[in-house]
Each structure stands twice: as structure tokens, then as C-alpha cells.
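Undergrad: Give me coordinates for this.
(4 chains)
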Number of protein chains: 2
Amino acid sequence: MEVKTITACCDGLLAAPLSEAAADDLAAAFKVMADPVRLRLLSIIAAQGETCACNLTTPLGKSQPTISHHLSVLTDAGLLHREKRGKWAWYSVAPDRFAVLRDALAGAPELVRQ
Amino acid sequence: MEVKTITACCDGLLAAPLSEAAADDLAAAFKVMADPVRLRLLSIIAAQGETCACNLTTPLGKSQPTISHHLSVLTDAGLLHREKRGKWAWYSVAPDRFAVLRDALAGAPELVRQ
DNA sequence: AGTTCATATCGACGGCTGTCAATATCGACA
DNA sequence: TGTCGATATTGACAGCCGTCGATATGAACT
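TA: Numbers count the residues shown, from 1 in each chain, chains lettered A, B, ... in the order given. Coordinates of the predicted model:
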């Protein structure tokens, strides 16, 4: 699952109508976050700092291929950084990408007429 | 698609490990945002203010049942407010819910060791 | 009541994706 | 080189979801 660069930068969802391409890119970014196993992996890695994959299979009760798959999705999306050392794979959070999603949600409240 | 109250409030994804229940709720919230048609609907309604559903079918090139379905998903998730007046349905953005997702992405950067 | 129009709901289809068993890859170590 | 152990990849299956045609609901108007 490849996530391309977000073309609609900085403005937020609520500021102006999204183009089809920008909506596709942003939806793909949200889709990566739309899985409970991936959210728990992110939160565990963020809390522990750099984490060995060997410590991530057991606590979530999923099989080793499933965890490996989710770690790959998060890495491909730019949310995790992977570094292999010997037999082990070490994962850490790449915080920059979160800003893209957060900015998309930071609509200007004064634009919303209710 | 029912979205329950987010139990893990205020702390953000990157602050502490998520419980299974909190991860399920948060993933459901993100899933609502993980569709390009829904994102475009949100951005159009936010830009125009209160919008008649009759003005939302044409610009996105989707069938009337499909648009109605997405509007219901967004309304059930608490992101839109629906008001029927006569034959017409008027939708407006309910901005409060966006804060839940934004806060979840507002992890403390100093916790992330890279 | 009957017609028309806007919206919602239903039923079905197709594609996507989370999951796991089996297997492959690759480094460490003897 | 050969074995072991950690991780990645493959293939297959099941359930979910976006989509649309058909239909239902309900309001306005004659």
C-alpha cells in the first residue's frame, strides 16, 4: 500500500473543496490509520521508542505474518522507520507524517456556519 | 456504521499504548475519513456552509444512493448535521468531532526517540 | 386522492483487505 | 557448510464496503 505525497498541503479539509486527486491521497493516508492493530503498534512503538519486531507479536495476539504485514503497511506509508540489525528488525516512529493528517483535520472553525 | 465515544481522550496516539477497545473506537473514527467521496463531501459542505443534498450528487459523479449512503455514514459518525426541510435535506459540518481525531494525532514529539 | 419530486432504503455484485498456514530469505553461529 | 532462529513473502480464504438499479418513503401541490 503506497501512499503518495499529499498534494493538498496545509489548508485543511474544511477550508476549500478537495480535488479528486487530493481526496484520493488523503483517504489513502487515513486508511492506513483505520485499523486497530496498526494503531496499537504505533502507540506501543511510540511509547517504547525504538522497538524490536520480536516484542510486537505476542502482546497483540496476532500471528507473526499479520504483524509483519501491518508493520510493512505503516513503513510504506512513512509512519514508521525500519532498520535491520542482524536477524532483528527495529522499528521507530517517523513523526513527520502525522502532521499531514493533523493539518487536514485542522479546519478553520470560523468557516463553519452552523 | 455507529461510532462510539472515544474512551482514550486527550492523550494522543504517541503518548501511551492503546487498549484494544480504544484502538477499535479510534480505528472506526479514522475509517469514516478513509474514503475520497466522504472527504470531498465534507470539504464541499464546509466551504459552502449549510448545503442541500440536491447540490451534492452532480459534482462528485456518483449516483444518488451512493451520495445518500455517504452522507448517512458521516452523519452517524457525528461529523455532519442533517436537517430536513420539506422535501430537501440540509447538511452542515459538526466541527467538534474533528478534534477527537486531531488530538489523537497530536503525539508529543519529544517522546519519539529516533 | 393522485402526481411529482427529493431523499432514503434494499438487494446484489465486485473488489479490497485482514488473517493465517506454509514457505522463503537471510544473518548468526558452530 | 549446515543448522537455527527472526522476519518477510506467498497464496488462499472470509468478511467488509463502495457502488448502483430498483423500490420505498414522504412532502408539496393540484
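Undergrad: Leaving out the residues flanking it, which one is nearest to residue A:94?
TA: In space, residue A:94 comes closest to residue A:81 once its chain neighbours are excluded; the distance is 4.8 Å by Cβ to Cβ, 6 or more residues apart in numbering or on different chains. C-betas here are computed from N, CA, C, even on glycine.
Undergrad: which SS class is the one you found?
TA: The assignment at residue A:81 comes out as strand when based on DSSP: H, G, I helix; E, B strand; the rest coil.
Undergrad: Distance check, residue A:64 against residue A:57.
TA: If you measure residue A:64 against residue A:57 using Cβ to Cβ, to the nearest Å, the figure is 5 Å.
Undergrad: Phi and psi next, for residue A:17.
TA: Dihedral pair for residue A:17: phi -60, psi 140, per degrees, to the nearest 10.
Undergrad: what about it, distance to residue B:48?
TA: Applying Cβ to Cβ, one obtains 8 Å for the distance of residue A:17 from residue B:48.
Undergrad: Find the nearest non-adjacent residue to the spatially most central residue of chain A, please.
TA: Most central in chain A under Cα atoms, centre = their mean is residue A:79, positioned 4.5 Å from the mean C-alpha point. Distances taken as Cβ to Cβ, 6+ apart place residue A:97 nearest to residue A:79, at 5.2 Å, with adjacent residues excluded.
Undergrad: Now do the helix or strand hosting that neighbour: which elements does it pack against?
TA: Here residue A:97 is covered by helix A:96-105, with elements defined by DSSP states H and E. If you count contacts as 3 or more Cβ pairs under 8 Å, 6 or more residues apart in numbering or on different chains; DSSP states H and E, helix A:96-105 packs onto helix A:20-33, helix B:96-104.
Undergrad: averaging pLDDT over each of these, which comes out lowest?
TA: Here the lowest mean pLDDT among those goes to helix B:96-104, at a mean of 87.
Undergrad: Which positions within that one qualify as buried?
TA: Residues of helix B:96-104 classed as buried under the neighbour-count rule (16 or more other Cβ atoms under 10 Å in any protein chain shown) are B:97-98, B:100-104.
Undergrad: Let me have those in CSV, adding distance to residue B:33 as columns.
TA: Conversion of the buried residues of helix B:96-104 to CSV gives the following (distance: Cβ to Cβ, whole Å):
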residue, distance to residue B:33
B:97, 10
B:98, 9
B:100, 11
B:101, 7
B:102, 11
B:103, 14
B:104, 11
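Undergrad: Looking at the residues you listed, which one is closest to residue A:39?
TA: Nearest to residue A:39 among these, counting by Cβ to Cβ, is residue B:104 at 8.5 Å.
Undergrad: That closest one touches residue B:12, doesn't it?
TA: Yes: counting by Cβ atoms under 8 Å, residue B:12 is a contact partner of residue B:104 at 5.9 Å.
Undergrad: what residue ranges in chain A are flagged as low confidence?
TA: Low-confidence segments of chain A, defined by pLDDT under 70: A:1-11, A:107-114.
Undergrad: all strands of it, in order?
TA: Counting by DSSP state E, the segments of chain A that form strands are A:51-52, A:80-85, A:88-93.
Undergrad: May I see these organised as JSON lines, with distance to residue B:44 and mean neighbour count added?
TA: Putting those into JSON lines (distance: least, Cβ to Cβ, whole Å; neighbours: other Cβ atoms under 10 Å in any protein chain shown) gives the following:
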{"stretch": "strand A:51-52", "distance to residue B:44": "41", "mean neighbour count": "16"}
{"stretch": "strand A:80-85", "distance to residue B:44": "33", "mean neighbour count": "13"}
{"stretch": "strand A:88-93", "distance to residue B:44": "33", "mean neighbour count": "19"}
